[in-house]
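Novice: heads up, no residue letters with this:
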């Protein structure tokens with residue numbers, strides 16, 4: 001699968017996640033050390049949370 005197609009697929013999946021699901025995944029992300037507090041995540045918009053999670057996922061992809 002071309003990289004652009006893979007990233008588009010990942011982006012669509014991230015867009016479908018709820019706020020609570022993104023927050024859970026960020027708090028339990030294993031491939032990178034992420035240290036977010038509940039208070040910080042609760043203050044972010046859903047779009048910002050999606051952006052943070054997508055950045056973490058693409059960083060993981062580039063490292064493998």
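Specialist: Good, I have the coordinates. What you are looking at is a predicted structure, and each value in this text was computed from that prediction instead of being measured.

Novice: ok, now which ones touch residue 14?
Specialist: The neighbours of residue 14, taking Cβ atoms under 8 Å, 6 or more residues apart in numbering as the test, are 22, 50, 53, 54, 57. Bear in mind the C-beta positions are built from the backbone N, C-alpha and C, glycine included.

Novice: what do you get if the cut-off is 10 Å, keeping everything else the same?
Specialist: Under the criterion of Cβ atoms under 10 Å, 6 or more residues apart in numbering, the contact partners of residue 14 comprise 21, 22, 25, 49, 50, 51, 53, 54, 57.

Novice: So the second one sits against residue 41, correct?
Specialist: Right, the one you point to is residue 22. Yes. Applying Cβ atoms under 10 Å as the test, residue 22 and residue 41 come out as touching, 8.4 Å apart.

Novice: Kindly list the longest helix within this protein.
Specialist: Here the longest helix in the chain is taken by residue count, with DSSP state H as the criterion, and it is helix 46-63.

Novice: helices and strands around that one, which ones?
Specialist: Other helices and strands packing on helix 46-63, by 3 or more Cβ pairs under 10 Å, 6 or more residues apart in numbering; DSSP states H and E, are helix 3-16, helix 19-27, helix 38-43.

Novice: Can you lay out those helices as CSV showing mean pLDDT?
Specialist: Output for the helices and strands packed on helix 46-63, formatted as CSV (pLDDT from 0 to 100):
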stretch, mean pLDDT
helix 3-16, 87
helix 19-27, 96
helix 38-43, 97
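
Novice: between the ones you listed, which gets nearest to residue 62?
Specialist: Proximity of the helices and strands packed on helix 46-63 to residue 62 was assessed by Cβ to Cβ; the nearest stretch is helix 3-16, lying at 9.7 Å.

Novice: which residues touch residue 6?
Specialist: When contacts are counted by Cβ under 10 Å, 6+ apart, residue 6 touches 58, 61.

Novice: Tell me how far it lies from residue 29.
Specialist: Counting by Cβ to Cβ, to the nearest Å, the separation of residue 6 from residue 29 is 18 Å.
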